[in-house]
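# take this sequence and fold it.
(chains A and B)
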Amino acid sequence: MLVTISYAGPEATDLGYLLHKHPGKVQTFETTVGQAHVFYPEAKPDRCTAAMLMEVDAIALARNRHLRGGGDASSLDDYVNDRPYAASSLTAVALGQLFRTAMTGRCDARPELAASAINLEISLSAVPIKGGAGLATRLFEPLGFKVVEHAIPLDPHFPQWGNSNYVNLHLTGTLRLSAALRQIYVLLPVLDDSKHYWVGSDEIGKLLRAGNGWLPDHPERELITKRYLAHQRGMVDDATSLMAPEAERTPSENSDTQGGPLPLYRLRAGAVMQALREVGARRVADVGCGEGALLKCLMVDSSFTQIIGTDVSAKALARAQERLNLNESTTEQRDRVRLLHSSVTYIDDRIRGLDAVVLMEVIEHVEPDRLPAVVESIFGHATPGTVVVTTPNKEYNPLYPGLTGGGSRHPDHRFEWTRMEFQSWAASVCETHGYGVEFRGVGDTDPLAGSPTQLALFRKG
Amino acid sequence: MAELDIPQLCLVVLVGASGSGKSTFARSHFEPFEILSSDFFRGLVSNDENDQGATKAAFESLQFVAGKRLDAGLLTVVDATSVQPEARHQLVQLARDHDVLPVAVVFDMPEALCLARNTQRTDRTLAARVIKRQQDQLRRSLKSLGREGFRNVHILRTEEEVATATFRRQRLLNDFRDDTGPFDVIGDVHGCRAELETLLAKLGYVVEQDGQGRAVDAIHPHGRKAVFVGDLVDRGPDSPGVLRLVMGMVRNGHALAVPGNHEDKLVRALRGKNVQTGHGLAETLAQLAAEPPVFRAEVESFCDGLVSHLVLDKGRLVVAHAGLVEAYHGRASARVRSFALYGDTTGETDDYGLPVRLPWAEGYRGAATVLYGHTPTVDAEWVNGTMCLDTGCVFGGKLTALRYPEKEVVQVAAHRVWSEPIRPLEAEAPAIQKRTADMLKIDDVLGKHVVQTRTHGRIGVREQYAAGALEVMSRWATDPRWMPYLPPTMSPTNASAIDGYLEHPVEAFSGYRKDGVSRVICEEKHMGSRAVVLLSRRPERFNAPPHWRGTVYTRTGRPFFDGAQSNEFLTILDAAFERTGVWAELETDWVLLDAELLPWSLKAGDMIRNQYAAVGAAATASLATSVAALKQAAGNGSDVAKLLQRTQTREKNAHAYVAAYRNYSAPADGLDGVQLAPFQILASEGKTYHHRDHGWHLSIMDRLAEANPTLIRPTRSIVVDVHDEASVLAGTQWWESLTADGGEGMVVKPLDNLTLGSKGMVQAGIKVRGKEYLRIIYGPDYAEPANLSRLRDRNSAHKKSMALREYALGIEALERLVAGEPLWRVHQAVFAVLAMESEAVDPRL
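The predicted structure is shown next:
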């Protein structure tokens, strides 16, 4: 990774004073991720360029769990990794270490120059950008830079693959060097939306210090703050309140207090709850419970005496366990609410003979050729008195702005059904397993397309 | 001297006051673990054997332990006073709950004796009134003891009787484990005498007739034995004739029989009980009315004497009329009998008014083969190691026998419809039945499991890894019915010490030499993805819909193609098998192949673009500008020569890396450009192939490739003798030529295929990857000396151990598959492979 900083002006080599690095020397510094070298490709009286080149030790990086941000070790990208080449948070940290004093704007030898806006040209190679072309411009232009983003193709050999997420970035402008350095320091990890280290609360202070004088008024302040603080909501809120006057703040979204229409997922849970109450179910399993949104509704209603949540994802169950505070519950509560790791394509005696089983937005995540196994496991083996199934109504999709051209509502949906398809499937289930069924729509009803969600209420016998 | 009979498996309840000599007696007649004493349990839960306050806890734990023992089929003795009816009732119930017989041994000793012994005790003494009360309770119990549900009550009244009594442990009536057959198990006959005689003849029995030409016995020249699954009578034309023949066979030791529900009812009718005479009983009674009373009496006693189920052949075969869950095998209780005769009914009735029967076989996971009848079905089919032999002969179907241990079905057609079925046989909806039959249970895979393999012993699957695999299996993998195998992971060589190399063939050769393998085969490692191909011409074999041709899936079970593409691919492949005559040669209509599917980008296209190409783009762009900046600085006199040199090397490495991944990005459009390189036949009907040498496998693949060079790609190979230096050199050079321009490398395998060395199984294969190829595994600069020396420090021992276990599990799955074992047994081994794969292992190995 390479960063070059050029200054054009009278006595251009004074850049060395501002950076506290002598233009006649090649200097090498040890950083946590490898060596950083500072050298001057040119040092003419009217133009001087300083370069920082990093030699990242890829193997040390790969083997150091701490430097990877404590992530999972079992990933191939540890060794085959863009970090040794891209201008990312590694570069930002190295800039911060090598040019700490320059970033503060202190320069005893050339104090006026340090305090002045000067002609700067900064080049960064292979800057990773998440969020599409133009983001770098949106971030740097408001600061007074002229921005040029040179796209880097993914592989010139395969032009059909298009451009990579990296650009060579050229910034020119008249700014104080210390401000420019601090802006780059903040914005590199923001462009990449990623940091190589764990983001702790001391990052707020770093952001406020480095952002002093330019960040509070930046039009993309919200994006910068969010990404810099790794989207950790509490920290983002803290940083924002420290930066912005009260009145400016956007109210945080909370659908409960807004009084607007309820979102579809809440309507769906409501419809399921209503169906369960209608049939008088007391012992209920939410199969495919995910993180436990429906379980939460069930738990607050004391008419449900036994509540089971199952999911195929152990991770989702762990989150549900946490969200529902099950670790702190009493023995009685524990008997009442149980989370089970299971799969709908296998038969499971632990959910046999309950009053009701809920399959809320589950079947569309199962491959069609394994649906018969799901039917057999629930209707054939678990044989609850009632089964509530919800699934998207495909006919409604064109009414969603993003889905006018077809496509499904979620990338994991293996299929989405029209009302006809859902009803004929339900009819065959009833015929084989001795259930009756009634259909309901959930959400607002379009005269032609019906409702966004369709619900089938199966009753045994 | 009294000989006390007790069943081999029972719960012995000692009954007697303190001091009556129970414990001493127990110690001299039973093994220490067999005796559960209430005093001992009091001690366990309270540290004090005499703490009467701990009695409740002591009895709860005693009953818990007794239950575990009885579950395990172990005779158990409860040493407590048990003089109160409530205490005994609990123990009788305990025995019933575990389906064993309760037996009472009563110590009705003189009170004076008990009192005298009590005062002599050093560890504790009880108040005399306690003993008197116990004696009193015992005396009052004596009269009713027989009605409390004990199978036997033995009473000992004197010291002498106690001293001389011995136990005789008797075989249970259902215990025929010593009888190893061979057997011919025959389904529901229902009075179809003529068909029975035909079937017996077809099975090779010689039917004997009495003076009146009536069949009275049938003898097999090789001493085979018939076993009747019950329902000999009712509905059909000649129930007395069937009974005469079967009773004769049983009497003469040529047959065994279990009762059906129809025999049960017949006995009650013959005893004059008021029973409904529907379902054909009226006909039987009418037919029997024509027989002499002595015959009727004989029938009554025969049917009454039949034992609910039989356990045969060392416990490997169980015969019961309506089937039997594993927990009831070899047990005796009212509910065992009821299950064996009537099945697991819900009490509900179906549209035809017949009882709804729960599909017990669906959940059967036992090791024993269970043969039964009771529910007429169209065809006799295996369900989880059980088979229903009632094929509705009396309704115009077939009379079916199963030869055991051959497991060969022998049938004769009904001569006519003797009775109109209440529910049409076809109404059993066979498609649904089938789907039900191979449903998998969550307990088949979740939790800690041990898979017993024939090549590598017991292989444990840890709970957390099983949990990890469940999601992959449920959400991403191919339907388990069509995924009977997953390939093992493969270890690379140990790190090579040769300059500039991380992996080198000599390591693989010397590894096998150490394992005692002398001839190995080096097979080219294709630049594709590991693929398993199930190619089938008979969808029924895998419970698949019509026109299904098979599956093509990755090493974690994900399908490569969508349905239509998969069919197209398999159709072309089938044609190649046809053209080369391999179908006929292997005598099969399905085959399972281990292969590579090319190009790799077919599966890994996203990964190549988003990961490999992205890193390449960043590397080449950033190093180009760095080199330019350094050159400029050098031109201006800065001392950057070394840094420039290093950076130029890195730039060269980055380009070499880009060249390496580009090899994997062959364009494929639909099936155009897709190639299969099969290298091993895994299984076909009834056969596995890990004992055929790799030369044989590759020769078949070469023929297939010749037949369709567009789709099928041959695998280049060379055989190396690891003891011959010249041969080792040739192998090494061959590898170098394969990998010089970025080839992935080769896999070295024992030429003979599955090899058992002195330390057990030998690795199925060791991969030796090419020097250039490894750049996309370890990064562009991996081969720089400073990096290589660190990368050599890699530990492949765990990977190797995993590879062996997965190899053994794979072979186990294949053997189970070709032996026709139930799906859950195959799936357990397959699932275990996937579970192993959730273990964290360095992914670069």
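
# bridging residues for B:I521?
Going by DSSP bridges, B:I521 is paired in beta bridges with B:V719, B:K749.

# ok, it to chain A distance?
Distance of B:I521 to chain A, given as C-beta to the nearest C-beta, to the nearest Å: 29 Å. No exception for glycine: its C-beta is placed from N, CA and C like everyone else's.

# likewise B:R844?
For B:R844, the distance to chain A - C-beta to the nearest C-beta - is 7 Å.

# again with B:A466
Going from B:A466 to chain A by C-beta to the nearest C-beta gives 10 Å.

# ditto for B:L791
For B:L791, the distance to chain A - C-beta to the nearest C-beta - is 7 Å.

# which residues touch the strand or helix carrying B:A576?
Element membership for B:A576 (DSSP states H and E) is helix B:563-580. Outside of helix B:563-580, the residues that reach it under the criterion C-beta atoms under 8 Å, 6 or more residues apart in numbering or on different chains are B:533, B:535, B:537, B:547, B:549-552, B:559-561, B:583, B:591, B:670-671, B:674, B:676, B:700, B:703-704, B:706-708, B:711-712.

# just the buried residues out of the residues you listed, in PyMOL syntax.
Applying 16 or more other C-beta atoms under 10 Å in any protein chain shown to the contacts of helix B:563-580, the buried members can be selected in PyMOL as follows:
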select buried, chain B and resi 533+535+537+549+550+551+552+559+560+561+583+591+671+674+676+700+703+704+707+708+711+712
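
# which of the contacts of helix B:563-580 fall within helices?
Of the positions in the contacts of helix B:563-580, B:W583, B:I700, B:R703, B:L704, B:E706, B:A707 sit in helices, assigned by DSSP state H.

# buried residues of the helix holding B:A576, list them for me.
B:S566, B:F569, B:L570, B:I572, B:L573, B:D574, B:A576, B:F577, B:T580.

# could you do stretch A:22-39 as well?
A:P23, A:V26, A:T31, A:V33, A:G34, A:A36, A:H37, A:V38, A:F39.

# rank those by pLDDT and give me only the lowest.
pLDDT across these is lowest for A:V33, at 77.

# what residues are up against that one?
With C-beta under 8 Å, 6+ apart, A:V33 has these contacts: A:M54, A:V56, A:D57, A:A60, A:L61, A:L67, A:L90, A:V93, A:A94, A:H196.

# these in strands, which ones?
A:M54, A:V56 (DSSP state E).

# just the buried members of the contacts of A:V33?
Buried, going by 16+ other C-beta under 10 Å: A:M54, A:V56, A:D57, A:L61, A:L67, A:L90, A:V93, A:A94, A:H196, out of the contacts of A:V33.

# got these as JSON lines, with distance to chain B and pLDDT columns?
JSON lines is the format used below for the buried ones among the contacts of A:V33 (distance: C-beta to the nearest C-beta, whole Å; pLDDT from 0 to 100):
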{"residue": "A:M54", "distance to chain B": "9", "pLDDT": "93"}
{"residue": "A:V56", "distance to chain B": "10", "pLDDT": "88"}
{"residue": "A:D57", "distance to chain B": "9", "pLDDT": "84"}
{"residue": "A:L61", "distance to chain B": "10", "pLDDT": "79"}
{"residue": "A:L67", "distance to chain B": "15", "pLDDT": "54"}
{"residue": "A:L90", "distance to chain B": "12", "pLDDT": "87"}
{"residue": "A:V93", "distance to chain B": "17", "pLDDT": "89"}
{"residue": "A:A94", "distance to chain B": "14", "pLDDT": "91"}
{"residue": "A:H196", "distance to chain B": "15", "pLDDT": "75"}
